[in-house]
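> coordinates for the following, if possible.
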Amino acid sequence: MIRLRRAAERGHADHGWLDTWHTFSFADYYDPEHMGFRSLRVINDDRVQPGQGFGTHGHRDMEIVTYVLEGALEHRDSLGNGSVLRAGELQRMTAGTGVRHSEFNPSPAELVHLYQIWLLPERKGLEPSYEQRPFRDSERQGRLRLVVSPEGEDGSLTIHQDARLYLSTLQNGETVAHALKPGRHAWVQVLRGQVTVNGVVLTAGDGAAVSDEERLEIGSDHGAEVLLFDLA
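Here you go, the predicted model:
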């Protein structure tokens, strides 16, 4: 079964400095029909104007994954980390017992386009931690590249939840496939372009909740970039 979440149906807010779309209920956007999927709680599609950003704020008991599609995002946190997340890089932050951080677009001219994703942790009260790494185009071209996993497999970021995230860039005519073990679920999020998921067409910003399917086939005739979540 595949349930679609179309891009235009998402929650939306334009704050001037921030143009944001919410796949699930977040901040002032509340929809009891869209509170998350399995351990996946937040998928925010954000565009931040040059020289703007999120001031210092706190989080607790959440696994936060950030992926930059365009531009760069400067990160600072109460753990002492200070870094710039550039296009093609992912960041994982375990908020655990509490962490404060800021996220800022350091460019004077270019906006930054990012996805921020929150997943519920395996348990509360984890020790806060942070990691970041790039995933080159060649690593994800025409294949599902594991980028986040519970054990940090194959150079992926380590998450404290039974969830695996895969990133793929597809050229025209390319298809990737993923087998779902019994009892597993999936979420597909289209970051760019257009794909078909088991024959269903999705375009940029669209998402799909998948249950009771043994196999997913994701193909593109127009070029695309997608995130696939394999969830308990």
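
> all helices of the protein, in order?
Secondary structure of the chain, counting by DSSP state H: helices at 137-140.

> mind splitting it into its structural domains?
For the chain, automatic domain parsing gives the domain ranges 11-134, 137-231.

> end to end on the longest one, go ahead and measure it.
To tie it back to what came earlier, the one meant is domain 11-134. Taking CA to CA, to the nearest Å, domain 11-134 runs 29 Å from one end to the other.

> the shortest one now?
Domain 137-231 stretches 25 Å from its first residue to its last (CA to CA).

> what mean pLDDT does it get?
Domain 137-231 shows an average pLDDT of 97 in the prediction.

> next one: stretch 60-69
97.

> looking at this structure, which strand is longest?
In the chain, taking DSSP state E as the definition, the longest strand is strand 185-197.

> contacts only, for the most centrally placed residue in the chain.
With distances taken as CA atoms, centre = their mean, the residue of the chain nearest its centroid is Ile117 (4.4 Å). Going by CB atoms under 8 Å, 6 or more residues apart in numbering, Ile117 touches 40, 42-44, 64-67, 165. Backbone N, C-alpha and C define where each C-beta goes, glycine included.

> related to what we said a few turns ago, so for Arg3, which of the domains of the chain sits nearest?
domain 137-231 (4.5 Å; CB to CB).

> return the distance of the closest one from the chain's centre.
The chain centroid and the centroid of domain 137-231 are separated by 11 Å under CA atoms, centre = their mean, to the nearest Å.

> which elements pack onto the longest strand of the chain?
In terms of contacts (3 or more CB pairs under 8 Å, 6 or more residues apart in numbering; DSSP states H and E), strand 185-197 is packed against strand 63-70, strand 200-203, strand 207-210, strand 215-220, strand 224-231.

> among the ones you listed, which is nearest Gln171?
In terms of CB to CB, the element of these nearest to Gln171 is strand 215-220, at 7.4 Å.
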